[in-house]
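Undergrad: following is a predicted model, sequence given first.
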Amino acid sequence: MAELFPDLIPNLIDGVEQPACSGRTIDVVNPHDGSLLAQLARSEAEDVAAAVAAAERAQAAWAATPAVQRGHILHQVCNALERRQGELADIVAREAGKRRKDALGEAAGAILCARFFAGEGQRLFGRTMTSGTPDKYAMTVRQPCGVAGLVIAANTPAPNFAWKVFPALICGNAVVLKAAEDTPISAWFMAKVAEEAGLPKGVLNVVHGLGAEAGQALVEHPGTQVISFTGSTRVGRLIAETCGRMLKKVSLELGGKNPLVVCDDADLDQAVTWSCLSAFSNAGQRCASGSRIIVFDTVYDRFVEKFAAAAAALKLGVDEDCDLGPVINRRQLESMEAAVGRAVAAGAAVLAGGRRANAPHLAAGFYMQPTILAGIGPDAELSCTELFGPITAIYRVKDFAEALSLANRSPYGLTACIHTRSVDRALEFSYKVQAGATVVNGGTFGSEPHMPFGGVKASGNGSREPGTEALDVYSELKDIYLNVRPERL
């Protein structure tokens, strides 16, 4: 596998792979076993400035390329990624600690998202409208913002790359991407494949490093006109403050404490299956993870018995018969353990898991047991704080009204789910729950590339990506008025 990537993962600036100007590096570690995968360029403001300058030089020519032609180039990139999908999956599996079949699915999802936006080159719609003035015509057109600064998360690295890079490019922007320092190899690989497939040099630049060094420098650089960030609410607030002062366009997709409601008429076996998938798949590392399971009193005991047994039966590891892998790094693992410890000290009951995995073959990795906690108040730390791991809390409610009220009693509002056979309940919940996406009889996740995704309250700033709504993030609308002189006809 080592031949898939070099010992040093470099920056890509103006088509040239290069180390950080300082020469400093960061270790990239396999979270499954703690082994060293590669060294990573530890970029700072100087590297970011060089990348932004390269993007500025390339952007005008890219914007002048007709959108249909931009889409054709991006389709060629998709074709190249599809041919090398297996390599991309091997990289994702190692850097993120995933089963290969999951990594293959994520690679396929990234390509699907990329193809959707490549096709938008033929549909960068404006509008033609009437005017209140005789002999005057009105229309709108989309124009690029300029240079897009993109900061992505580590949890699903290939889709996260496609989710932001391709809509930014199809709109005619040049890009500077700051990849997640825990999963940077897939970003290096995808950018390299894109240039080999014909993307002009300098249109897509990748800088690596820590968020406080490279990411902050990218946000603060005056040469970036639009910033898109996926990550924690804490960091999102800082980015919003910076962009607000600089009057930059900004898109924020932040955290969640997503409720999954189990009604008294639910199919309990299906509800258990989807609760496990929502809470524990991808080791719970989803902003849309089901971290609050809200269950009607009349079925609570039966559901808890089934749910705890299902969680205890889950197999940890990265083999194909495993159910969930490690969390991304040691710092996250220790933070999760500490949060569970505080909850137990405050009176919470552990129904499953509760600590890091102690099996010998997992000891070197960053494995947290699938954990279910009960007896937690709705305003407790664990009810209100995103842990980004395989930890969920379960709550007992008497009826639908109490379930809806508890679902909305959160600082977040990203996704929500309800399990019920009642159409009335499903519709009432879907309309009244405070969330950007709602699912009936499924999981709390499941966004598709052609659909808008984002949240309310502390889960975002109102923007939506992907879907055609992402075009509003990465383009500016311009009004054009045409006055004609009939006497000259």
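TA: Nice, thanks for sending it over.
Undergrad: helix or strand next in line after the helix or strand bottoming out on mean pLDDT in the chain, which one?
TA: Least confident helix or strand, the chain: strand 127-129 with a mean of 90, by mean pLDDT, DSSP states H and E. Following strand 127-129 in sequence order, the next helix or strand is strand 136-144 (DSSP states H and E).
Undergrad: extract the C-alpha trace of that next one and format it as PDB.
TA: Backbone C-alpha positions of strand 136-144 (Å, rounded to 0.1, in the frame of the first residue of the first chain) are rendered in PDB as follows:
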ATOM      1  CA  LYS A 136     -36.400  47.800 -21.000                       C
ATOM      2  CA  TYR A 137     -35.400  44.100 -20.400                       C
ATOM      3  CA  ALA A 138     -34.100  42.600 -17.100                       C
ATOM      4  CA  MET A 139     -32.100  39.500 -16.400                       C
ATOM      5  CA  THR A 140     -29.800  37.900 -13.800                       C
ATOM      6  CA  VAL A 141     -26.600  36.000 -14.500                       C
ATOM      7  CA  ARG A 142     -24.300  34.000 -12.200                       C
ATOM      8  CA  GLN A 143     -20.700  35.100 -11.800                       C
ATOM      9  CA  PRO A 144     -17.900  33.600  -9.700                       C
END
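Undergrad: and the helix or strand following that strand, which strands flank it?
TA: As assigned by DSSP H and E, the chain's next helix or strand after strand 136-144 is strand 147-151. In the sheet, strand 147-151 lines up against strand 174-178 (parallel), strand 226-230 (parallel) (DSSP bridges).
Undergrad: list the buried residues in whichever helix or strand comes after the first one.
TA: Going back to what we said before, that points to strand 174-178. Next in sequence after strand 174-178, counting helices and strands by DSSP H and E, comes helix 185-196. For helix 185-196, burial by neighbour count (16 or more other CB atoms under 10 Å) applies to Ile185, Ser186, Ala187, Trp188, Phe189, Met190, Ala191, Lys192, Val193, Ala194, Glu195. The C-beta positions use only the backbone N, C-alpha and C, and glycine is treated the same way.
Undergrad: closest one of those to Pro157?
TA: Nearest to Pro157, judged by CB to CB, of those is Ser186 at 4.4 Å.
Undergrad: excluding its backbone neighbours, what's nearest that closest one?
TA: Closest residue to Ser186 apart from its sequence neighbours, by CB to CB, 6 or more residues apart in numbering: Pro157 at 4.4 Å.
Undergrad: quick one, grab the pLDDT at the one you found.
TA: If you check Pro157, the pLDDT there is 96.
Undergrad: you'd agree it is up against Ala187?
TA: Yes - between Pro157 and Ala187 there is a contact at 6.6 Å, judged by CB atoms under 8 Å.
Undergrad: need the overlap of contacts for these two.
TA: Residues touching both Pro157 and Ala187 by CB atoms under 8 Å, 6 or more residues apart in numbering: Ala179, Ala180.
Undergrad: quick one: low-confidence ranges for the protein?
TA: 1-2, 488-489 (pLDDT under 70).
Undergrad: domain ranges for it?
TA: Domain segmentation of the chain under automatic domain parsing yields 2-254+460-478, 258-440.
Undergrad: now distance to Pro486 too, for those domains, in JSON lines please.
TA: What follows is those, written out as JSON lines (distance: least, CB to CB, whole Å):
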{"stretch": "domain 2-254+460-478", "distance to Pro486": "6"}
{"stretch": "domain 258-440", "distance to Pro486": "49"}
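Undergrad: of those domains, which is nearest Pro449?
TA: The nearest among the domains of the chain, by CB to CB, is domain 2-254+460-478 at 3.9 Å.
Undergrad: distance from the closest one to the middle of the chain?
TA: For domain 2-254+460-478, the separation from the chain centroid amounts to 12 Å (computed by CA atoms, centre = their mean, to the nearest Å).
Undergrad: and for stretch 479-489?
TA: Averaging C-alpha positions (CA atoms, centre = their mean) puts stretch 479-489 47 Å from its chain's average.
Undergrad: contact partners of it?
TA: For stretch 479-489, using CB under 8 Å, 6+ apart, the contacting residues are Ser131, Thr133, Asp135, Lys136, Tyr137, Ala138, Met139, Thr140, Val141.
Undergrad: give the contact list for the residue lying closest to Val52 once chain neighbours are set aside.
TA: Using CB to CB, 6+ apart and skipping the chain neighbours, the partner closest in space to Val52 is Gly223 (4.2 Å). By CB under 8 Å, 6+ apart, the contact set of Gly223 is Ala49, Val52, Ala53, Ala55, Glu56, Gly146, Val147.
Undergrad: cool, Val318 as well?
TA: Residues near Val318 by CB under 8 Å, 6+ apart: His32, Ala93, Gly97, Lys98, Arg99, Arg100, Gly325.
Undergrad: ok so it is a strand residue?
TA: No - with DSSP: H, G, I helix; E, B strand; the rest coil as the criterion, Val318 is coil rather than part of a strand.
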